[in-house]
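Participant: From the sequence below, what's the structure:
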Amino acid sequence: AFEHGGRRPRALDLLARAAALAERAGADRSRIDLDLARALAEIADDRPAAIARARGVPPRSPESFEARLLEARWSAELGDLAAAGVALGRLGDAVETSIELVTGPGRPPPDGRPVLWGNGARFARREDACAALAALCVQGAQLEEQERRDPFAARRLLGLALRLRPHERRIEQAFRRLAALAAPALPAGRPPTPVADATAAPEPVVGDEEQVDRLTAKLRADPSDQETVRALATLLERLGRDHDLLALLSARLEEAPAEIAGELNQSRRAVLARLAAAARAAGRNGEAELYEAMGEQRGE
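Facilitator: The predicted structure is shown next:
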């Protein structure tokens, strides 16, 4: 809407007037405020004013999710990474409180929570709302990882996106990568603390890592070699590399013939159970719930 040079100042003026009129009439101006915030950033190149306008979009409005992301993006562009982190945290909080709303049965009750889909609402269908919120979380995770260098916060947003779009492989792959990246390292010489029987794995054998590299190369040459898949899965489990094992099993399940899909799915559920148990033992209950949900959603 702001692309034609001669109309850009005019568009900004019209949006400012519309916002003023809506405020005077006591009407909801969330959509107008969001458009005005974007115009202030794109037309006037006034990011502080754009941030202030986006920050004013109330948390109960359907536009608040996008407003939090834009607030974070513009703050990062100004170099204020702390403010960007606060905005992204508010985005995560808003999405988390809306998960049940957009994924549960039926239409949302008129209890003050945002109405995101339906006639006259922001999105036509529930699926559209899930896709839109998941996309905002993915973009927020990119800001957390690339601008703020915070893989833990990025993982939280990707986890929320995955709960909204549990079958989107791209999000699952990004979450697994960040989960491995954000996994806390043990101090040198300190053995891992036992978590539960479900997380116990056999002791690694000298040469296992080299064998993993060899089998990975062999599987890359012939992805249909199921014996190599089994051997590699056994090694990864013995080494305690559950995130890598989850990635292997998930990828193989996409292409597995029916006769071995059940076996792969059973192994995948087992590794998800170990990851969930480890996350709960470390106090990361939200992450544990995500792993548990992933185990329930595929391969019934």
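
Participant: can you pull the contacts of the residue nearest to the spatial centre of the chain?
Facilitator: Nearest to the geometric centre of the chain sits Leu158, at 1.5 Å (C-alpha atoms, centre = their mean). Contact analysis of Leu158 by C-beta atoms under 8 Å, 6 or more residues apart in numbering lists Cys137, Val138, Ala141, Ile171, Ala174, Phe175, Leu178. For the C-beta atoms, the positions are set from N, CA and C on the backbone; glycine is no exception.

Participant: Name the nearest of the residues you listed relative to Asp242.
Facilitator: Nearest to Asp242 out of the contacts of Leu158 is Phe175 (C-beta to C-beta; 13.6 Å).

Participant: quick one, what contacts the closest one?
Facilitator: Phe175 neighbours (C-beta under 8 Å, 6+ apart): Arg155, Leu158, Gly159, Ala161, Leu162, Leu290.

Participant: Am I right that Val126 is in contact with Trp117?
Facilitator: To be clear, residue 126 is Arg; Val isn't right here. Yes - contact status for Arg126 versus Trp117: in contact at 5.0 Å, counting by C-beta atoms under 8 Å.

Participant: what's the overlap in contacts for those two?
Facilitator: Common neighbours of Arg126 and Trp117, counting by C-beta under 8 Å, 6+ apart, are Val102.

Participant: shaky segments in the protein?
Facilitator: Low-confidence regions of the chain, defined by pLDDT under 70, span residues 1-19, 21-24, 26-28, 104-114, 119-120, 180-206, 297-300.

Participant: Now stretch 271-288: buried residues?
Facilitator: By neighbour count with 16 or more other C-beta atoms under 10 Å, stretch 271-288 contains the buried residues 271-280, 284, 287-288.

Participant: Could you list the alpha-carbon positions for the helix or strand harbouring Arg177 in CSV?
Facilitator: Assigned by DSSP states H and E, Arg177 belongs to helix 169-182. The C-alpha trace of helix 169-182 is given here as CSV (Å, rounded to 0.1, in the frame of the first residue of the first chain):
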residue,chain,number,x,y,z
ARG,A,169,8.9,-30.7,8.9
ARG,A,170,10.8,-27.5,8.4
ILE,A,171,9.8,-26.3,11.8
GLU,A,172,10.6,-29.6,13.4
GLN,A,173,14.1,-29.7,11.8
ALA,A,174,14.8,-26.2,13.0
PHE,A,175,13.6,-27.0,16.5
ARG,A,176,15.8,-30.2,16.7
ARG,A,177,18.9,-28.2,15.5
LEU,A,178,18.3,-25.5,18.2
ALA,A,179,17.6,-28.1,20.8
ALA,A,180,21.0,-29.7,20.2
LEU,A,181,22.7,-26.3,20.0
ALA,A,182,21.1,-25.1,23.3
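
Participant: Check which element follows that helix along the chain.
Facilitator: With elements assigned by DSSP H and E, the helix or strand that comes after helix 169-182 is helix 208-221.

Participant: Please save the CA atoms from that following helix in PDB.
Facilitator: Output in PDB follows, covering the C-alpha atoms of helix 208-221 (Å, rounded to 0.1, in the frame of the first residue of the first chain):
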ATOM      1  CA  ASP A 208      31.800 -45.400  17.800                       C
ATOM      2  CA  GLU A 209      32.100 -41.800  16.600                       C
ATOM      3  CA  GLU A 210      34.200 -42.900  13.600                       C
ATOM      4  CA  GLN A 211      31.700 -45.700  12.900                       C
ATOM      5  CA  VAL A 212      28.800 -43.100  13.000                       C
ATOM      6  CA  ASP A 213      30.700 -41.000  10.300                       C
ATOM      7  CA  ARG A 214      31.200 -44.100   8.200                       C
ATOM      8  CA  LEU A 215      27.500 -45.200   8.500                       C
ATOM      9  CA  THR A 216      26.300 -41.700   7.800                       C
ATOM     10  CA  ALA A 217      28.200 -41.600   4.600                       C
ATOM     11  CA  LYS A 218      27.000 -45.000   3.600                       C
ATOM     12  CA  LEU A 219      23.400 -44.000   4.300                       C
ATOM     13  CA  ARG A 220      23.800 -40.900   2.300                       C
ATOM     14  CA  ALA A 221      24.900 -43.000  -0.700                       C
END
